[in-house]
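A.B. asks: sequence unknown, structure follows:
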């Protein structure tokens, strides 16, 4: 069964304290791995898509990396406005659908 | 450009009732998907439609149905509502011809009492 596991479930950091969020997956044929940011009461906001092991993408203080079994979202010198839930999702090769399988998310709090 | 728009934003229904949620994709996007997100969980895939045809379906009962219109907008219908159907219902759109990025709307909050 295809699964996505995110860790930690929650993370509290001081402003400027860098860290990484983990997303491990077991899928039979990965088409893409997606990272989203979700603020309370809002829909997920697209951040990155990664397609193959070794791929990296950056956006402001965020950098996403991908291996054959997991992805990391690195947050460098975070600010309070980076506080949100970060969701990881995978899209696998199988059938005709493009549906995403999501993890439960990491709830990130950045304290001033 | 307008993003994915959904209506209504909030609604309250009684057990056993039926509900219809609506979604307009980003202009030019022909694929629409629906997801259910319960509190504290990640979104769960319900349906995908592309060019008005069902392309995929998640593990949801037949009480859930959807359709896509010629203008690529979509409706999600849920019959015989249960308390457990209370959730945020998200619509997402994709331009399959130019990439794989999936954009979400702000969702419709459904409370079943």
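C.D. replies: Yep, it's here. Quick caveat: nothing in here was measured; it's all calculated off a predicted structure.

A.B. asks: spatially central residue in chain B, please.
C.D. replies: The residue lying closest to the centre of chain B (CA atoms, centre = their mean) is residue B:34, at 3.1 Å.

A.B. asks: quick check: that one touching residue B:76?
C.D. replies: Yes. Assessed by CB atoms under 8 Å, residue B:34 is found in contact with residue B:76 at 4.9 Å. Just so you know, the C-beta spots here come from the backbone N, C-alpha and C atoms, and that holds for glycine as well.

A.B. asks: now do the shared contacts for those two.
C.D. replies: Common contacts of residue B:34 and residue B:76 (CB atoms under 8 Å, 6 or more residues apart in numbering or on different chains): B:21, B:23, B:46-47, B:66, B:89, B:91.

A.B. asks: can you give the strand pairings for the helix or strand harbouring residue B:45, parallel or anti for each?
C.D. replies: Using DSSP states H and E, residue B:45 falls within strand B:44-50. Looking at strand B:44-50 with DSSP bridges, its partner strands are strand B:31-37 (antiparallel), strand B:53-57 (antiparallel).

A.B. asks: give me the buried positions along stretch B:98-108.
C.D. replies: Residues of stretch B:98-108 classed as buried by neighbour count (16 or more other CB atoms under 10 Å in any protein chain shown): B:102-108.

A.B. asks: what does chain A put close to chain B?
C.D. replies: Within chain A, the positions near chain B by CB under 8 Å from any CB of the partner chain are A:4, A:31-32, A:34, A:36, A:41-46, A:49, A:87, A:89, A:91, A:95-105.

A.B. asks: these in strands, which ones?
C.D. replies: Among the residues of chain A next to chain B, the residues falling in strands (DSSP state E) are A:4, A:31-32, A:34, A:36, A:45-46, A:49, A:87, A:89, A:91, A:101-102.
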